[in-house]
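Chemist: coords below, sequence missing:
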């Protein structure tokens, strides 16, 4: 690879924060920005040949070596090992425990699609950040090592690493299907099953406890767009009682619903999510009279649109095989709150006209669920 020195006026290297991938480290053709007139260059070269003197060089001598300190938070390397690899690639750089001109901090983490690394370079004049994604932690560390070495020593002073630490070989990304079904590229769908403890208010008199069972699928990707659907069933346990001077009524309720959760936020590793949901449910609300003359029972249709928020925290189960960047099955804890808007406001009465209960205009429901999720 032929490197050219940056002429005066060009942007300083590593002056901004940007995200890189390993494939961006491949060499690219460069075009010289020097504009020496062709005839003048030929004249100088001819004169130097006639006098036996070498032609003047347009390349300035390399700048002094840069000293650096390094901290590493990674599961696949440590500061001493990574500093040795940097020094092996950047001739003349100095690794100091304190008093260095540049402070380098490297952090890597396992992500849903492989590994992610961040290199932060701090000095008195600038703070620079580079981010890198790769299939494995080792690949990310090797890429960040090269970036750090390029920064600490100009390209003209770079040399190949010794035989003890060979330079990483990055294979081009393949568009063919992966051998591993969990090796995901881009947004993917997640299926899940769950069971929840539930409390409702406004559906029947007072508050009632119940169970909720759910099954659905969610598509996770960048940004706020995470479309998903969930089918659920909810059932009140026991009955709520409403007492009047004419008697007592016991209530029971159940419903089936369909909810869509199109928008929300998710962490880069999908370790937590916050989704907004809307839906519709239908079921039955029944009441049975007692402690009254000629007790009877009656059932009304329950129909209600819903809107709510859902927050989840997820914990992967198992470990991907070596070299596999797949997402794993996970357990989740999901908290959800919904507001319900009943379309029918049935009134339950004892004759001649003693109201036991009337469905309100707004009801509420909260739930705490345990989920088992798997990538489709």
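Modeler: Received, thanks. Just so it is clear, the model here is predicted, and its values are computed rather than measured. Residues are numbered from 1 along each chain as shown.
Chemist: where in this protein is pLDDT low?
Modeler: Across the chain, residues meeting the criterion (pLDDT under 70) sit at 1-65, 92, 153-187, 319-327.
Chemist: For residue 206, which residues are in contact?
Modeler: For residue 206, the contacting residues are residue 240, taking CB atoms under 8 Å, 6 or more residues apart in numbering as the criterion. Every residue, glycine included, has its C-beta placed from N, CA and C.
Chemist: domains of the chain?
Modeler: Domain assignment for the chain, taken from automatic domain parsing, gives 12-24+64-171, 188-375.
Chemist: Tell me the bridge partners for residue 196.
Modeler: Taking DSSP bridges, one finds residue 212, residue 369 as the beta-bridge partners of residue 196.
Chemist: Check which helices and strands the helix or strand harbouring residue 209 is in contact with.
Modeler: Counting by DSSP states H and E, the element that carries residue 209 is strand 207-220. Applying 3 or more CB pairs under 8 Å, 6 or more residues apart in numbering; DSSP states H and E, we find strand 207-220 packed against strand 188-201, strand 228-236, strand 247-266, strand 363-375.
Chemist: got the angle between it and strand 247-266?
Modeler: Here strand 207-220 runs at an angle of 20 degrees relative to strand 247-266 (axes from the mean of the first three to the mean of the last three CA atoms, to 10 degrees).
Chemist: Is residue 138 in a helix, a strand, or coil?
Modeler: Remark: residue 138 carries the secondary structure label helix [criterion: DSSP: H, G, I helix; E, B strand; the rest coil].
Chemist: Would you convert the helices and strands packed on strand 207-220 into CSV that also reports distance to residue 304 and mean neighbour count?
Modeler: Formatted as CSV, the helices and strands packed on strand 207-220 follow (distance: least, CB to CB, whole Å; neighbours: other CB atoms under 10 Å):
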stretch, distance to residue 304, mean neighbour count
strand 188-201, 11, 18
strand 228-236, 11, 19
strand 247-266, 8, 19
strand 363-375, 7, 18
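Chemist: Select, out of the ones you listed, the one closest to residue 87.
Modeler: Residue 87 lies closest, by CB to CB, to one member of these: strand 247-266, at 39.4 Å.
Chemist: The helix or strand just after that closest one packs against which elements?
Modeler: Under the assignment DSSP H and E, the closest C-terminal helix or strand after strand 247-266 is strand 272-290. Other elements packing on strand 272-290 under the criterion 3+ CB pairs under 8 Å, 6+ apart are strand 228-236, strand 247-266, strand 297-316, strand 330-340, strand 354-358.
Chemist: Distance to residue 364 added to those strands, as TSV?
Modeler: TSV is the format used below for the helices and strands packed on strand 272-290 (distance: least, CB to CB, whole Å):
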stretch	distance to residue 364
strand 228-236	13
strand 247-266	14
strand 297-316	9
strand 330-340	6
strand 354-358	16
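Chemist: Surely residue 122 and residue 105 touch.
Modeler: Yes: applying CB atoms under 8 Å as the test, residue 122 and residue 105 come out as touching, 7.3 Å apart.
Chemist: sorry, back to before: list the buried residues in the strand holding residue 209.
Modeler: Of the residues in strand 207-220, those buried by neighbour count under the rule 16 or more other CB atoms under 10 Å are 208, 210, 212, 214, 216, 218, 220.
Chemist: All set, thanks.
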